[in-house]
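Undergrad: Fold the following and give me the result.
(chains A and B)
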Amino acid sequence: MTLGILVVDDEPDIEDLFRQRFRAELRRGELALHFAASAEEALESLSAGLQPEAVLVLSDINMPGMSGLDLLQRLRADDPAVPVIMVTAYGDTENRRRALDSGATDLVTKPVDFVALKKLVQSVIERKNAA
Amino acid sequence: MDEKTKLLLSLPPLSSYSSPDEAVAASVDRARLYHDQLVAAMPGLIVHRDGVILHCSSTLARLLGYESAEQVLALPGVMELVPEDARLAERDAYARCLQGPTQSQARRIKRHRADTSIQWFDQLLEPVDWGGAPAVMEMLTQMRPQAANAEVPHQEQLLQAAIDAMPNGVLMLDRNLKLEGANSEYFRLWDYPPGLFPPGTPVAETLYYNHRRGDYGDVPCEETVAELCTRFLVKGVINSERQVPTNGRILDIRTAPRADGGYVITHHDITDRKRIEDELRQAKERAEAILKELRETQQQLIVQEKMASLGQLTAGIAHELKNPLNFVNNFAELSGELLDELLELLGPLNDHLDDAVRVEVDELVDSLQSNLRKISDHGRRADNIVKSMLAHSRGGGGEWQTTDLNMLVEEALTLSYHAVRAQDRAFNATLSCRLDPGVGEVKLVPQDMSRVLVNLFTNSFYAVRKRQLLSDDPTYEPRLIVATHTSDSEVSIGIRDNGVGMPPAVIEKLFTPFFTTKPTGEGTGLGLSLSYDIVVHQHRGRFDVSSVENEHAEFTITLPRTVTAVSLGERRKT
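TA: Below you'll find the model as predicted:
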């Protein structure tokens, strides 16, 4: 079964980075990556329906327009089932607290440790499959 | 009518009185007038010794309004006749009289009459032998306003009235510094009882009196009086700020020499003026102190603001750099992985290459791998710098805790010394701690303050090590002195080293982010900038630096004992 992950970040190179980092999983067909350059775009594509369906959202916090935390709140309201992991350069306690209070599953600081992120994704997927 | 009768009748009448009785009565009246006139002009005599009246002439008794001399002799003593305010002067005059004939001039004195009214007399005193022992003979002539000799004392009275009316204290001294007179203001200003110093008193007596009542404090009596006496001789200000302790007055005392060799000493009450002057001076000093404080605060604010905005800028730059750096590091790492995968895929093709090409391929692959390693290394280095920069904006990292400051200082010192020695075994320094146990516990963020101290100690060790390496002096001893002090509201930590020191230009830029004197790659230039942020912004303290090049450098951190806890991050966001 292929699981969809939506990555929301205003940096266009994030797509190459994720595709290369997760190249093994992509090649094996375990994962499908969707990308959105803004929170607005993410909400649009989620409501339009993604194939395969996104079971995990990874979102940057600092983005032009709607912020990652705003997106988090919208997603919590619209679709409480989808886990959201925040990715941010501002890894201070206050941002962490705000993200977790708003319902984020976890918070990952940049530079992204992909080994840890992969484990995190794996655990989310396992939980999803178990459910 | 005979001849004789005619003659008598032709003569003018012998008397205007119509009858002999009338003529007798008129004669008696005239005789009484002549007698009174004579008695008034006649001197009365009184002789006394030790105040006891020994003899009184009937003339004097009458002049004083008594019926007879016996009534005067019956008085308890001669002082009964003297008004109270003049008694001191009289006693003095009697005493001087007994020492020998002194003044030939009559004294103008006053006496009580029997009806207690005052009668003025001109007095002459003479010592006489009375029953084998000396006594005072006093000749009193009733003062007659019409008499020529009354004019001179009258002038004196006018003078006395004039000086009494003056608003200043006036003291008249003769050439021998004896009192000739003083006005009532003089007595009031000095807080003397009226009449305490009668004319003729040496002025030194007044100074002894002052000394006795403690005006001059605990000073030798004779020397002080002698010194003050000489001041009366100098024209102008004697002692412009003499204070009278008993009434708190401040007197401006001036001498004006007179043509006859005497002196007029004026006493001007400047108490109010001094008070106003003092108040004005105090107000001025207060205003100046406030102005100075304002200037310093303004200077501090400017520096703080500059540092704060630089800190913010630094933090902003760090965040902006973090994203691209993230990509550089990730893609460098990924490229390494991809290259390995590529080589694995191409492995089977190796056999199809000829040797020369394979060597070239291997070389290119080696270069690529080495380049990627370099990108990773420098990316990590940049990442470390960014992390240090971010420490500026890190929020709520440390907890405010009541901390034993001396212990914190000692721990930081030990930690820094070991860290330096670990890198450089040859290094040794004399460390001396002068920690004031009164410092006790202070509320601060121990992690942050420890970081500041370690940073300062490390800098000091660097400075002394540098001086040791640069100088040829084999006797040079690296030394570090750490001291703590306490006051009511503040504690301070002083760190002094005898290292290379800093020129003023360096001190000026010391707290600027990225400013460093270390070679490229050795220091980020963020240590002191961050320390400043922690001490000044987070702990509301002060950071002072002084240095003389190749002599010493001293850093002083002053912290308030009580401070509202703020974290750097929280402060920034407001």
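Undergrad: CA atoms for contacts and neighbours, from now on please.
TA: Noted.
Undergrad: Tell me which helix or strand the most centrally placed residue in chain A sits in.
TA: Centroid check for chain A by C-alpha atoms, centre = their mean gives residue A:58 as the closest residue, at 1.1 Å. For residue A:58, the host element (DSSP states H and E) is strand A:54-60.
Undergrad: Does that strand pack against any helices or strands, and if so which?
TA: Counting contacts by 3 or more C-alpha pairs under 8 Å, 6 or more residues apart in numbering or on different chains; DSSP states H and E, strand A:54-60 packs against strand A:3-8, strand A:84-88, helix A:114-130.
Undergrad: Excluding residues flanking it in the chain, which one is nearest residue B:253?
TA: residue B:267 (4.6 Å; C-alpha to C-alpha, 6 or more residues apart in numbering or on different chains).
Undergrad: Touching, that neighbour and residue B:172? I think so.
TA: No. With contact defined as C-alpha atoms under 8 Å, residue B:267 does not count as touching residue B:172 (11.3 Å).
Undergrad: mind giving me the domain split of chain B?
TA: B:39-144, B:153-269, B:311-391, B:401-573 (automatic domain parsing).
Undergrad: and residue B:279, which of these is closest to it?
TA: Among the domains of chain B, domain B:153-269 comes nearest to residue B:279, with 15.1 Å by C-alpha to C-alpha.
Undergrad: Can you give me the distance of whichever residue of chain B sits closest to chain A to residue B:462?
TA: Nearest residue of chain B to chain A (C-alpha to the nearest C-alpha) works out as residue B:326 at 4.9 Å. Going from residue B:326 to residue B:462 by C-alpha to C-alpha, to the nearest Å gives 33 Å.
Undergrad: higher neighbour count, the two?
TA: More neighbours surround residue B:326 than the other of residue B:326 and residue B:462, with 19 against 16 (other C-alpha atoms under 10 Å in any protein chain shown).
Undergrad: Look at the more buried one and report its pLDDT.
TA: For residue B:326, the pLDDT comes out at 83.
Undergrad: Kindly report the same for residue B:61.
TA: Taking residue B:61 on its own, its pLDDT is 90.
Undergrad: Tell me the spatial nearest neighbour of it, not counting adjacent residues.
TA: residue B:69 (5.1 Å).
Undergrad: just to revisit the earlier point, average pLDDT for the next helix or strand after the strand holding residue A:58, rounded please.
TA: Note on strand A:54-60: by DSSP H and E, the next helix or strand toward the C-terminus is helix A:68-78. Per-residue pLDDT over helix A:68-78 has a mean of 88.
Undergrad: what's the angle from helix A:68-78 to strand A:3-8?
TA: 140 degrees (axes from the mean of the first three to the mean of the last three C-alpha atoms, to 10 degrees).
Undergrad: Show me what helix A:68-78 is packed against.
TA: helix A:39-48.
Undergrad: buried set for the helix it packs on?
TA: A:39, A:40, A:42, A:43, A:46 (16 or more other C-alpha atoms under 10 Å in any protein chain shown).
Undergrad: what sits against the residue nearest to the centre of chain A?
TA: Applying C-alpha atoms under 8 Å, 6 or more residues apart in numbering or on different chains, we find residue A:58 in contact with A:5, A:6, A:7, A:8, A:84, A:85, A:86, A:87.
Undergrad: how long is stretch B:38-55 end to end?
TA: Taking C-alpha to C-alpha as the criterion, the two ends of stretch B:38-55 lie 21 Å apart.
Undergrad: Phi first, then psi, for the residue of chain A found nearest chain B.
TA: Using C-alpha to the nearest C-alpha, residue A:111 is the residue of chain A that sits closest to chain B, at 4.9 Å. When read as degrees, to the nearest 10, the backbone of residue A:111 gives phi -70, psi 140.
Undergrad: What score does it have for pLDDT?
TA: 70.
Undergrad: Verify the contact between it and residue B:323 for me.
TA: Yes. At 7.5 Å, residue A:111 counts as touching residue B:323 under the criterion of C-alpha under 8 Å.
Undergrad: So for the two, which residues contact both of them?
TA: residue A:89.
Undergrad: and the two? which has more neighbours close in?
TA: Neighbour totals were compared for residue A:111 and residue B:323, and residue A:111 leads with 19 against 16 (other C-alpha under 10 Å).
Undergrad: For the more buried one, which non-adjacent residue is closest in space?
TA: residue B:326 (4.9 Å).
Undergrad: and residue B:492, bridged to which residues?
TA: With DSSP bridges as the criterion, residue B:492 is bridged to residue B:485, residue B:558.
Undergrad: Who are the contact partners of it?
TA: By C-alpha under 8 Å, 6+ apart, the neighbours of residue B:492 are B:484, B:485, B:486, B:556, B:557, B:558, B:559.
Undergrad: Enumerate the residues of chain A near chain B.
TA: Residues of chain A lying near chain B by C-alpha under 8 Å from any C-alpha of the partner chain: A:13, A:17, A:20, A:21, A:89, A:90, A:92, A:93, A:94, A:110, A:111, A:112.
Undergrad: about what we covered before: show the backbone phi and psi for the residue nearest to residue A:111.
TA: Dihedral angles (degrees, to the nearest 10) for residue B:326: phi -60, psi -40.
Undergrad: Determine the number of other residues adjacent to residue A:49.
TA: 11.
Undergrad: before we move on, what about residue A:122?
TA: Count around residue A:122 with other C-alpha under 10 Å applied: 12.
Undergrad: repeat for the one 3 residues further on
TA: Neighbours of residue A:125 under the rule other C-alpha under 10 Å: 18.
Undergrad: And it, what's its pLDDT?
TA: Per the predicted model, pLDDT is 72 at residue A:125.
Undergrad: repeat for the one 4 residues further on
TA: According to the predicted model, the pLDDT of residue A:129 comes to 70.
Undergrad: repeat for residue A:1
TA: 68.
Undergrad: got it, and residue B:548?
TA: 92.
Undergrad: cool, and residue B:394?
TA: Reported pLDDT for residue B:394: 55.
Undergrad: got it, and the one 3 residues further on?
TA: Looking at residue B:397, its pLDDT reads 56.
Undergrad: which residues does the closest residue in space to residue B:107 that isn't next to it in sequence contact?
TA: Distance criterion C-alpha to C-alpha, 6+ apart; nearest residue to residue B:107, sequence neighbours excluded, is residue B:123 at 5.0 Å. By C-alpha under 8 Å, 6+ apart, the residues touching residue B:123 are B:106, B:107, B:108, B:109, B:138, B:139, B:140, B:141.
Undergrad: Now do the SS call for residue B:123.
TA: For residue B:123, the assignment made with DSSP: H, G, I helix; E, B strand; the rest coil gives strand.
Undergrad: Also the one 3 residues further on?
TA: When classified by three-state DSSP, residue B:126 comes out as strand.
Undergrad: I figured it was touching residue B:106, is that so?
TA: No. Using C-alpha under 8 Å, residue B:126 is not in contact with residue B:106, being 11.2 Å away.
Undergrad: shared neighbours of those two, anything?
TA: Counting by C-alpha under 8 Å, 6+ apart, nothing touches both residue B:126 and residue B:106.
Undergrad: For the helix or strand containing residue B:93, name the packing helices and strands.
TA: Using DSSP H and E, residue B:93 maps to helix B:87-98. Counting contacts by 3+ C-alpha pairs under 8 Å, 6+ apart, helix B:87-98 packs against strand B:118-130, strand B:133-142.
Undergrad: Can you report how many residues lie near the spatially closest residue to residue B:263 that is not a sequence neighbour?
TA: Here the nearest residue to residue B:263 in space, its sequence neighbours aside, is residue B:257; by C-alpha to C-alpha, 6+ apart that works out to 4.4 Å. Neighbours of residue B:257 under the rule other C-alpha under 10 Å: 20.
Undergrad: what does residue B:541 give?
TA: 20.
Undergrad: my read: it touches residue B:535, true?
TA: Yes. Counting by C-alpha under 8 Å, residue B:535 is a contact partner of residue B:541 at 5.3 Å.
Undergrad: which neighbours do those two share?
TA: Going by C-alpha under 8 Å, 6+ apart, residues that sit against residue B:541 and also against residue B:535 are B:557, B:559.
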